[in-house]
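*Asks:* starting from these lines, generate the structure:
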Amino acid sequence: MMRAVGLLAALAALASAIAPTDLAARPVPISVRSNFRLGSAGVVCTAQVAPRDPRLGGMFDRGYTISCRDAAGAVGTLVAVRHALPIDAEPVAGVPASAGMQRACGGPGRIAIEALGEADAMICRDPASGLDYRRYALTRGDTRYFVEGLAAYDAALRLALASVVLNQPIQGEIKVATTEVTDAAAFARLQAGLLDPLGVRGEGYLRNNGSSFAESAAFFEVLAEKARSQSGEQADMAEALANEGLQQSNLGNFDTAARLFAESTAAQLAGDGLAQRLLRNYRALDQLNQRRPDEAVAELARAVDPVNAVFDKARLADGVINLPLAEAINRENSATRRMGTPDPSLTRGEKAEILDAQALAIGATAARMVGRTDDAVAGFTKARERLATVRGGQVGSIVWLSAEIEIELARIAAAAGRKGEAEAGFNRAIAALEAAYPASPAVLSAKARKAAFLLAAGDRDGAEKLFAAVVDDSAAIPDSGTTLRDLLAPYFTLLAGEGSDPATRTAAAFAAAQVLERPGVAQTQAILARQLAEGNDAAAALFRLSLARSRDIVRAEGEVARLGSLPDPSATETTELAAQQDALTGLRREQTEILAKLAAYPRYTALTPKRVALAEMQAALKSGEAYYKLVAVGQDIYGLYATSTSARLFAVPLSRSELAREVQKIRSSIVTIENGKAVNRPFDLDRSRALYKALFGPVDAELAGVHHLVFEPDAAMLQLPPAVLVTADAGIAAYKARTVDIDADAFDFTGIAWLGRARAISIATSARAFLDLRALAPSSARRPYLGLGNNAVPQQRPIAAVADSCDWPLAVWQHPVKPDELLFAAKTLGSTSVVKTGASFTDTGLLADPSLDQYRVLHFATHGLVSAPRKDCPARPALVTSFAAKGSDGLLSFREIFDLKLDADLVILSACDTAGMATVAASREAGVTTGGNYALDGLVRAFTGAGARAVIASHWPVPDEFDATRRLIGGLITGKPGESVGDALAGAEAKLMDDPQTSHPFYWAAFVVVGDAAKPAVMAAAQH
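*Replies:* Residues are numbered from 1 along each chain as shown. Now for the predicted structure:
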């Protein structure tokens, strides 16, 4: 992964030299930081510089906003001022923790604060919300320190005060209410929303330099939104889009990066040589991320304009501030001075020098990648020399680049056998990064690369210990998984190799694998488990309300961003924007207050552990069960297999790209879509058998005794149900002998030994999520079954349902799925079951139905739309419904599914490819800030968020021929008393496997159980 150069050095706020033997690894005092974490454990809370706090007066005054993860608004404020500020001062308008509050305060008192001693204290109450607020104040020298905020966040307030007074981070644990609904990037968006554009830009660069790529992307995304909403901010827009594009490249989203780079190019001011250099470098870094060094060199060769621009007097007369003038203003910006930074700005020439030095380093990296070592060393040396010319190397924002050069030179020295020189280089880089970006992914990245060097140099013990430390530390460092995904590949190679104590190594691999897990459906399952496990008391109601408000906030943010980006808004749109902004402020305050109230319930102040020890997983497995975790790290693939009594790790003899190729070829032999129709071909038995050997060969003998396989897929296996893998050669030989006859049925696959035969298979999304779902009690719903489908056929699209050019064609509604399987299931499961078809099956009707949480099983037999109607339209997963008379578009969308209120043991999606993904944009529209662009993050995730403990989804269009789907669902519904969902489905599949007409995997293998297939959800519903 590559990083950006922070153009506003003031906001990097570091003073470090870049001499090759001294990166000036000195701890950075709080007084010159724009952001710092509070405490060292518990919920992540931060203090961010708030230069516009109205209580600030002189240039040495400082202000901070205190925010905590999962709270949508600020939870407190802090100032350090050189004037009197009594403890009983009136709340200040415009300060987040005080805005709109009418306080009833008690008398002042004194209290002891750890690490500080005694301080003034006061408790106030907001009568409207019933919430308490705390204030602390003390004087040291000529500075008055004052902190105020929600009493529920008292630990954060005290740690913030102690850190600022002592000018260094103070260790401590913050135990406050948390929903765990947000990830690091979502929290970064919250922090960005509390800052002005200057602060957003600086924090974006800091996160980038610390290798927190997802967080950095969030900051620059917000910066672009702020620039769109302000006229004359074209340069800010170009810079923000370029940086957001680089972060998306660092995250592996190369198509998104290319789009953002193109938008940045279009937004650039003509002749802006500085912006051209920035984008030139970023495009080159993007090529390096894609392992294309030659293309990176070509990008660096792009011509750029000089940077000696002059003031545009004509445009200035029109009120337009161009780049040079903006630079002059920034140089005197009082807000940056209040941050305590000794040098608030670089000149355009100095910025250009840094960017040109970065270009030399990029070119040197490209040379190193293709083996031109001498050119690489020369390039890195020149880059370092040019950096040293910028203010004598005393520029904090380039410390990371200097560290990167050290690491690159260390790698070259290591390859040449100069071990001592290499190790010294790694150590200097790590020390510098630890001082500049403590507890950051950048530090973990440097340590992981050093560990890889140690392993290559023969120090296996040292490498193993350092890698293990990186994995342990990453648990407390947000946004580290993406950075480490490729860098942990040597660690897995080490753990999977020969060595002592394989049990210890397997446990270490299980821990390391969880570093690489992506958010999305796994997080939604964890939240659902927490929500359902907490019962129905007042606290649980608050928890659910907090989740709802969090989603409302994300949706409101999207609407504010949309309205704010309109190039020529109407008066109505301007009014609507103001109303949405007011509503957003209210939602944030309400959600934060809800979390503060939740703090009174200890169960909501305990963080759910995100990682699972191997022993914990093994203890949860029953006799005859096995957990198989597939791990893709870099291009390498590993299998981790565990039962209640044993566990082992092994390398899969396929690369990530080879696995993708094989999965695609196998899927193509099951079904392909040609001219809008599903086309079948004879199944590729040989490829399926080879893939089984690659994935399961080392544990083949043990699988014979496994009747329930919990499979956690990764990489391309997210797109293929493991049940279609062939476990033995005999059936293949018989099939080939039989089909020698030209009249033989090439689609008759009876007699094949499938992995899914007589074996229940669960699809897990993470170890934690699986254990959480397994521990859940069954639904308390009274009715067994609700069947939904067979939409009414419209003669024309209702006028009210026409939205835009990206509507699906009317033909989507013209061929509804037959209701046979719904009617059969309802009849089987009892008289209180319900089936809604035709005009009673509408999107608006479902959204308005208050009884949905009274069904233990919901079954949708309708068309699923998981792609986009056209290439230029966004993909929004949805299920086809009937059109209602008013307010209906005939689709139950991804967003609307999240809004359903279910208490279901099982949701069955008998529709097309419902195991697919939703984009990040579609997730954001639904009010979800995590995940997206990942298999199972689509309709499966939406129904999980609505309240489904398990979802049966399909990997391809479900077949109508030979009554196959009805037979599958019928077998699932009519299972033996107490039979698990997985066993019932496997039994139904076996009957189709043994029927020559339906023995092709197309007919029986599409469905997977996402959740715990060992639970008897359907039969429990039937017997309720």
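*Asks:* so where's the stretch 151-300 of the chain uncertain?
*Replies:* Confidence mapping of the stretch 151-300 of the chain against pLDDT under 70 gives the ranges 229-234.
*Asks:* what segments of it are strands?
*Replies:* Under the criterion DSSP state E, counting those that start in this stretch, the stretch 151-300 of the chain contains strands at 173-174.
*Asks:* could I get the full set of helices for it?
*Replies:* 154-166, 184-193, 197-209, 213-228, 234-250, 254-267, 273-289, 293-300 (DSSP state H, counting those that start in this stretch).
*Asks:* what packs against the first one?
*Replies:* For helix 154-166, the elements it packs on are strand 35-38, strand 45-49, strand 62-68, strand 76-81, strand 109-113, strand 131-140, strand 143-150, strand 173-174, judged by 3 or more Cβ pairs under 8 Å, 6 or more residues apart in numbering; DSSP states H and E. (Each C-beta comes from the backbone N, C-alpha and C, glycine too.)
*Asks:* who does the last one pair with, and is each partner parallel or antiparallel?
*Replies:* Sheet pairing for strand 173-174, assigned by DSSP bridges, gives strand 41-42 (parallel).
*Asks:* with mean neighbour count added, can I get the helices of the stretch 151-300 of the chain in CSV?
*Replies:* Shown next, in CSV, are the helices of the stretch 151-300 of the chain (neighbours: other Cβ atoms under 10 Å):
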stretch, mean neighbour count
helix 154-166, 24
helix 184-193, 23
helix 197-209, 26
helix 213-228, 26
helix 234-250, 26
helix 254-267, 18
helix 273-289, 23
helix 293-300, 18
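*Asks:* okay if I get the ones you listed as TSV plus distance to M59?
*Replies:* Shown next, in TSV, are the helices of the stretch 151-300 of the chain (distance: least, Cβ to Cβ, whole Å):
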stretch	distance to M59
helix 154-166	17
helix 184-193	24
helix 197-209	16
helix 213-228	25
helix 234-250	25
helix 254-267	33
helix 273-289	28
helix 293-300	41
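*Asks:* what's the closest of those helices to E674?
*Replies:* Among these, the nearest to E674 by Cβ to Cβ is helix 254-267 (25.0 Å).
*Asks:* CA atoms only: put that closest one into PDB for me.
*Replies:* Extracted C-alpha coordinates of helix 254-267, given in PDB (Å, rounded to 0.1, in the frame of the first residue of the first chain):
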ATOM      1  CA  PHE A 254      -9.200   0.100  -8.300                       C
ATOM      2  CA  ASP A 255     -12.300   0.900 -10.400                       C
ATOM      3  CA  THR A 256     -13.500   3.400  -7.800                       C
ATOM      4  CA  ALA A 257     -10.100   4.900  -7.700                       C
ATOM      5  CA  ALA A 258     -10.000   5.400 -11.400                       C
ATOM      6  CA  ARG A 259     -13.400   7.200 -11.300                       C
ATOM      7  CA  LEU A 260     -12.300   9.500  -8.600                       C
ATOM      8  CA  PHE A 261      -9.000  10.300 -10.300                       C
ATOM      9  CA  ALA A 262     -11.000  11.300 -13.400                       C
ATOM     10  CA  GLU A 263     -13.300  13.500 -11.400                       C
ATOM     11  CA  SER A 264     -10.200  15.100  -9.800                       C
ATOM     12  CA  THR A 265      -8.800  15.800 -13.200                       C
ATOM     13  CA  ALA A 266     -12.000  17.500 -14.300                       C
ATOM     14  CA  ALA A 267     -12.100  19.600 -11.100                       C
END
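*Asks:* nearest to T862, of the helices of the stretch 151-300 of the chain?
*Replies:* That would be helix 254-267 among the helices of the stretch 151-300 of the chain, by Cβ to Cβ, at 30.5 Å.
*Asks:* thanks a lot, see you next time.
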